[in-house]
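S.K.: pasting a predicted model and its sequence here:
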Amino acid sequence: MSMNQYMHPRNIYKQAPNFKQLAVEYPEFRKYVSQDISARKCNWSMVATEIDTDSINYATSNVKRNSLENQIKLVGVKGTTLLEEVFDIWPGVYDFCMCNPPFFSTTQELHPFFKARKQSRPHPKNAFCASTDEVVAKGGEVEYITKLINESKALGTKIKIYTTMVGHKSNLPPLKKLLREVDVVSFKQTEFCQGNTTRWGLAWTFHDIDLTKIPDLLVAAKQKLPKPLFYEIPRVDEAGYKISAVSDKLVKIFKELQMDCQEIKHVKNLVEFVVTAYANTWSHQRRKRREKLRLSGDNLDSSPEGNDIHKTCDKMAELEVEGSPSNKRTLDDDSGFYNAKKKRKTDLDECISSKIYLKAKISLMKVESSIGLELVFYEGSGTKEALHQVLQYLKNNFAQKEL
């Protein structure tokens, strides 16, 4: 099955170019084809390593033909180390490193039916064109990436983010186990889907960077899009019945509910937000107000004890959610790892921020002569039920108060 549908949304090859149509419209294109790749597109400066002499010669020729000598440096290495020889020649601090390791441990594994579950398996659609040195190494990719991880421990923060491709999904568990053992701050895995092949990526860092917060765009692409909730904003005040006014009111409500609110799109007749809540702050509002009034009636406002009680009640209301937030993770968690020991969290709000109760996209849009409110559930322990509760809370606010 083709995996193109699961490619990263920003992958420049996600939408294949129509070369036939281009050749029809542009006769000169039939003779020459040029593609914008490597360092030229992103204006990156890079250092590349290679052990094969022929490959170095070809790479050097490609760099010269594209006039990229000032951006790409080629280093011929012996192969005893993966990264250390680079720092001997070009010392400094690098933003990231990427590795495409040899996938196989022996030449026998190159046969397409080496691990096939059945002999009737169809032949690969892609032609094999790599040299043996490029795809075969002692111990295969596990031993190769293990060497990379061990060297990264010694180099530490000299490279901000280390990355590697992984050819076999079964090799991910031992590699992630090793990353925990070398005490990385965080790591993250992902998938690369293109054509008929799936590969995996693994990234880790020794900087105080939480890679686990990177969104799983591929997972979202594979999942069926959730059905949004929709509500038509009532027309209470004709003069104030505008998207800008409704948007301001929404932001005010989310602020009162202590929800993070980020505007992600603002065009004519459309405003979109991503809102995040770390606790249920919208339920039982009447009970919370009665409790405050009761405490106020007991003349506790004037005493230090009264202030402490008010603060306690507010915090309890803020944390009104089933169970308690926890930073605990399991060793089998495939989503990544963040070493909490390297984080210093002193504020209570920051301590609970690791657990999302509700995350959703809120859209305000013009629907004919009305203003519509669309809510889409993203994630959270509160599930979709929490989103229904938020919608009901918004309905009550819009119905009771003028814009």
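M.R.: Sure thing, it's come through.

S.K.: can you get me a residue count around the nearest residue to residue 184 once chain neighbours are set aside?
M.R.: Leaving out its chain neighbours, the residue that sits closest to residue 184 by Cβ to Cβ, 6 or more residues apart in numbering is residue 204, at 4.5 Å. Every C-beta, even on glycine, is put in place using the N, C-alpha and C of the backbone. Neighbours of residue 204 under the rule other Cβ atoms under 10 Å: 28.

S.K.: for the strand or helix carrying residue 204, packing partners?
M.R.: Assessed by DSSP states H and E, residue 204 sits inside strand 197-205. For strand 197-205, the elements it packs on are helix 140-155, strand 159-166, helix 172-181, strand 186-194, judged by 3 or more Cβ pairs under 8 Å, 6 or more residues apart in numbering; DSSP states H and E.

S.K.: mind putting those in JSON lines, mean pLDDT, distance to residue 356 and mean neighbour count included?
M.R.: Below are these laid out as JSON lines (pLDDT from 0 to 100; distance: least, Cβ to Cβ, whole Å; neighbours: other Cβ atoms under 10 Å):
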{"stretch": "helix 140-155", "mean pLDDT": "92", "distance to residue 356": "30", "mean neighbour count": "18"}
{"stretch": "strand 159-166", "mean pLDDT": "95", "distance to residue 356": "24", "mean neighbour count": "20"}
{"stretch": "helix 172-181", "mean pLDDT": "94", "distance to residue 356": "23", "mean neighbour count": "16"}
{"stretch": "strand 186-194", "mean pLDDT": "87", "distance to residue 356": "17", "mean neighbour count": "20"}
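
S.K.: so which of these comes closest to residue 97?
M.R.: For these, the distance to residue 97 is smallest for strand 159-166, at 5.2 Å, taking Cβ to Cβ.

S.K.: ok, residues contacting the closest one?
M.R.: 83, 93-101, 141, 145, 148-149, 152, 172, 175, 189, 192, 199-205, 207, 209, 211 (Cβ atoms under 8 Å, 6 or more residues apart in numbering).

S.K.: ranges for the helices of the stretch 1-150 of the chain?
M.R.: 19-25, 53-65, 84-89, 132-135, 140-155 (DSSP state H, counting those that start in this stretch).

S.K.: pipe those helices into a markdown table and attach distance to residue 389 per row.
M.R.: Formatted as a markdown table, these follow (distance: least, Cβ to Cβ, whole Å):
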| stretch | distance to residue 389 |
| --- | --- |
| helix 19-25 | 51 |
| helix 53-65 | 58 |
| helix 84-89 | 54 |
| helix 132-135 | 54 |
| helix 140-155 | 45 |
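
S.K.: tell me which of those helices lies nearest to residue 228.
M.R.: helix 19-25 (36.2 Å).

S.K.: what's the following helix or strand after the helix or strand of the chain with the lowest mean pLDDT?
M.R.: Least confident helix or strand of the chain, by mean pLDDT, DSSP states H and E, is helix 348-351 with a mean of 45. Next helix or strand after helix 348-351 toward the C-terminus (DSSP H and E): strand 358-367.

S.K.: got the contact list for that following strand?
M.R.: So strand 358-367 is in contact with 228, 232, 243, 246-247, 250, 264, 269-277, 371-380, 382, 386-387, 390, going by Cβ under 8 Å, 6+ apart.
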